[in-house]
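Novice: got a sequence here, can you build the structure:
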Amino acid sequence: MPIYQYRCKNGHTHDRLRKMDERDNPAQCLQCDADATPIISAPHVPPDGVYSYCPNVGSADTFERKRAKIEKMNEAKKDGKRPQLIDQI
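Specialist: Take a look at the predicted model:
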């Protein structure tokens, strides 16, 4: 079950573990017992420079080539060098 975030009219927020078909139903605020409605929150996804590999969008070889080029650019930055732009990563 996913975790949804709710906010009441008094501004209190809390998280609830609920079924997907119950997500739009009001939940009771844990601090003031008022009705709390679901709010949209952004997921935490740390960027890795390559995003993720999807089998239907390319091959594993293409993914590894892109990842190696990005790592090479990041190493050049760490060494204080100006990385060369890579055409068609």
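Novice: ok, how many other residues are close to Cys29?
Specialist: Neighbour count for Cys29, taken as other Cβ atoms under 10 Å: 19. From N, CA and C alone the C-beta is placed, and that goes for glycine too.
Novice: now for it: which residues touch it?
Specialist: Going by Cβ atoms under 8 Å, 6 or more residues apart in numbering, Cys29 touches Tyr6, Cys8, Asn10, His12, His14, Asp35, Ala36.
Novice: ok, and the closest non-adjacent residue to it?
Specialist: Excluding its sequence neighbours, the residue lying closest to Cys29 (Cβ to Cβ, 6 or more residues apart in numbering) is Cys8, at 3.8 Å.
Novice: cool, Arg18 as well?
Specialist: Closest to Arg18 by Cβ to Cβ, 6+ apart is Tyr4, at 5.6 Å.
Novice: pretty sure Asn10 contacts Cys32?
Specialist: Yes. Judged on Cβ atoms under 8 Å, Asn10 makes contact with Cys32 at a distance of 5.3 Å.
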